[in-house]
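# coordinates for the following, if possible.
(one chain, ligands or ions: 2)
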Amino acid sequence: MQQQLVDNYQRRFQYLRLSLTELCNFRCQYCLPDGYKANKAHQFLTLNEISHIADAFSELGVKKIRLTGGEPTLRRDFTEIIALLARYPNINEIAVTTNGSRLESRILEWKNAGLTALNVSVDSFSPLQFAKITGEDKLHQVINGIDKALEVGMKKVKINTVLMKSLNDDLNHYLPWITDRNIDLRFIELMETGEGSAYFNRYHVSGSKIEQQLIEQGWQLMIKDQLAGPAKVYQHDDYQGRIGLIMPYSKNFCQSCNRLRISSTGKLHYCLFGDSAISLRDLLQQADQKEQLKTRVLDSLQIKPETHFLHQHNAGIIQNLSFIGG
Ligand code: SAM
Ligand code: SF4
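Ligands and ions are numbered 1, 2, ... in the order given. You can find the predicted model right below:
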């Protein structure tokens, strides 16, 4: 019988978020406000190591892999990585989370290599505000990339928007954007990180404010399938797109946790805000280490905590989300 990734709280994990790099070409205020600073000690996962991860995790029941970072699309071998994952028949979803800066010129190539789902981060549809938040005046480039993705037939396209108090928390700013686009726009509550406490204290706002407005405007909560993650998704007959809310500070958020994470240096993180991570790198070197690798992953899954401690302002070991990918 196939071994499965199930923890002590009967949560099942079929979704892996794999960070490919810490490098980024944006300077988002809440993530890398001073830009990426190279650390020579951090050697990012090689194609060979990524293939051993995919091999072991697909045998452990993982069906979906999301490539993230830093900015994953900056890797020269990004298309090769997609093509490599596409060779595993059990992995039926290959997704990327990107800032969209390379989307327009590369999306067709990525789709042809096997990419099946796309999340693009857009924190504002005002060019000025976008530039202020990300440090880059590239909103038009990113929007052209999203439209190109729809044009080439990408089916699962989502936008991620990190909510920030008084900066970008007006629902009406976003609605015209999804009237005619078949897209999920997901508001993510700002999360506290080691380096981002002051920013968090100033800008965190609960997604419940947006949720209340949606309900007042007649939006309806969609029923989740059993393996869906923690997002709450709303739909409305007047809009082709949907609005999602990811509220890590809400009650019972961790109950529907369905994902594991591997950092760009090969550490397994059971919780985004956990206090520890398990290095897998020594077992990623040879194909014949696969059984040992699977055993380490299964054994250590039992330490996955029931919930994070963000409410107590304990963000764990994460200094910012650029090395683990959110
Ligand atoms: N560079 C890519 C991007 O921005 O889409 C992928 C990596 S980024 C770390 C992944 C996601 O995490 C983005 O949607 C980003 O907005 C989000 N993120 C980063 N820091 C965050 C924070 N402190 N709280 C909430 N979301 C955050
Ligand atoms: Fe870069 Fe993404 Fe972090 Fe923005 S959120 S700085 S795009 S890694």
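# tell me the pLDDT of the nearest residue to Arg281 once chain neighbours are set aside.
Of all residues not flanking Arg281 in the chain, Gly266 sits nearest, at 3.9 Å (Cβ to Cβ, 6 or more residues apart in numbering). C-beta: built from backbone N, CA, C; applies to glycine. At Gly266, the pLDDT value in this model is 96.
# you'd agree Gly266 is up against Glu49?
Yes: with contacts counted by Cβ atoms under 8 Å, Gly266 reaches Glu49, the gap being 6.4 Å.
# what about those two, which has more around it?
Taking other Cβ atoms under 10 Å, Gly266 and Glu49 do not tie; Gly266 has more neighbours (24 against 18).
# quick one: that one and Leu284, what's the gap?
Separation of Gly266 from Leu284 (Cβ to Cβ, to the nearest Å): 6 Å.
# residue numbers of this structure in contact with ligand 2?
Neighbours of ligand 2 within the chain, by Cβ under 6 Å from any ligand atom: Cys24, Phe26, Arg27, Cys28, Cys31, Leu32, Gly69, Gly70, Glu71, Asn99, Ser121, Ser322.
# from those residues, which shows the smallest pLDDT?
Ser322 (75).
# ok, that residue to Asn252 distance?
In terms of Cβ to Cβ, Ser322 sits 28 Å off from Asn252.
# Ile50: neighbour count?
Ile50, neighbours per other Cβ under 10 Å, totals 23.
# typo on my end, Ile91
20.
# element containing it?
Under the criterion DSSP states H and E, no helix or strand holds Ile91.
# count the residues that sit near the residue lying closest to it once chain neighbours are set aside.
Of all residues beyond its chain neighbours, the one nearest Ile91 is Ser58 (5.3 Å), with distances taken as Cβ to Cβ, 6+ apart. Ser58: 18 surrounding residues under other Cβ under 10 Å.
# ditto for Leu128
10.
# so how far is Arg66 from the closest residue to Ala277 other than its chain neighbours?
Excluding the flanking residues, the one nearest Ala277 by Cβ to Cβ, 6+ apart is Lys267, at 3.9 Å. In this view, Lys267 and Arg66 are 17 Å apart by Cβ to Cβ.
# which one of those two has more residues nearby?
Using other Cβ under 10 Å, the more surrounded residue of Lys267 and Arg66 is Arg66, with 21 against 18.
# for the stretch 101-250 of the chain, just list every one of the strands.
Assigned by DSSP state E, counting those that start in this stretch, the strands in the stretch 101-250 of the chain fall at 117-121, 156-163, 184-189, 220-221, 232-235, 242-246.
# so what are the sheet partners of the shortest one and their directions?
Okay, so that is strand 220-221. Strand pairing for strand 220-221, using DSSP bridges, gives strand 232-235 (antiparallel).
# same check, this time on the second one
Strand 156-163 sits in its sheet next to strand 117-121 (parallel), strand 184-189 (parallel), going by DSSP bridges.
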